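Got a sequence here, can you build the structure:
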Amino acid sequence: MLLSYNKQIKNIEDVKEQIAKIILNQRRQIESNLKTSVTEIQYLLSEISEFNDNWTKLPTVYRIAWVNAPDYETSKNITFKENIELPNVDHDLELVIKLLNHMREKKNLKVSKMPLFIHPDEISIAHKEGRFPYGRTNIISQIAVVFQKGKIKYVGIVIDRNYVLLQNRLIDLFR
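From the prediction side, this is the model:
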């Protein structure tokens, strides 16, 4: 049995609905790999608040991280968001990773095993460029969504240092 979530997105509600379906239908994988509840992940999902029209036109990686800033007088989690547009070709996960690593290298950053997610050095650069008010931060959790011309292709989730990658379809091996 093959379940598909390949509906074309039109607004922020469609985005959240499709991501929620992917997460809920792959709940067991998330809970066993991340050792966390789906409810905690849905809080991250609530941070997706603005629809970007380019999600329907271009391959894009949208990343959100909850961070805390120990050097500042704030006890709440701070949100760091980033939208990365990729070249306009069909992408599998391997190509997305290569392209993101290429972008890291152009910024004089080290290649990463999993560049799909936000790394502390990227937050530091955003701070130096004036795009983020906090310098030193700790990443608590994050979500990354790979859009392919109006469809959600992958969802990645990080809790602590553990991550899981989910595709827009689940192959059910139990027949």
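
C-alpha from now on. contacts and neighbour counts both.
Will do.

So for residue 75, what's the pLDDT?
At residue 75, the model reports a pLDDT of 62.

what about residue 98, neighbour count?
Residues contacting residue 98 under the criterion other CA atoms under 10 Å number 17.

separation between it and residue 123?
For residue 98, the distance to residue 123 equals 20 Å [CA to CA, to the nearest Å].

which element follows the helix or strand hosting residue 95 toward the C-terminus?
Residue 95 is part of helix 93-106 when elements are defined by DSSP states H and E. For helix 93-106, the following helix or strand on the C-terminal side (DSSP H and E) is helix 120-128.

buried residues in that next one?
The neighbour-count check on helix 120-128 (16 or more other CA atoms under 10 Å) flags 123, 124, 126 as buried.

and residue 133, how far is that from residue 126?
9 Å.

If you could redo that for residue 86, that was the one I meant.
Applying CA to CA, the value for residue 86 to residue 126 is 19 Å.

One more: residue 110?
With distances taken as CA to CA, residue 110 is found 16 Å from residue 126.

Same check on residue 144?
Residue 144 is 17 Å from residue 126, by CA to CA.

what's the answer for residue 103, then?
Noted for residue 103: a distance of 14 Å to residue 126, by CA to CA.

all helices of the chain, in order?
Secondary structure of the chain (DSSP state H): helices at 12-25, 27-34, 38-45, 93-106, 120-128.

Take those helices and write them to JSON lines, including distance to residue 114 and mean pLDDT.
Output for the helices of the chain, formatted as JSON lines (distance: least, CA to CA, whole Å; pLDDT from 0 to 100):
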{"stretch": "helix 12-25", "distance to residue 114": "20", "mean pLDDT": "93"}
{"stretch": "helix 27-34", "distance to residue 114": "16", "mean pLDDT": "86"}
{"stretch": "helix 38-45", "distance to residue 114": "19", "mean pLDDT": "85"}
{"stretch": "helix 93-106", "distance to residue 114": "7", "mean pLDDT": "96"}
{"stretch": "helix 120-128", "distance to residue 114": "13", "mean pLDDT": "94"}
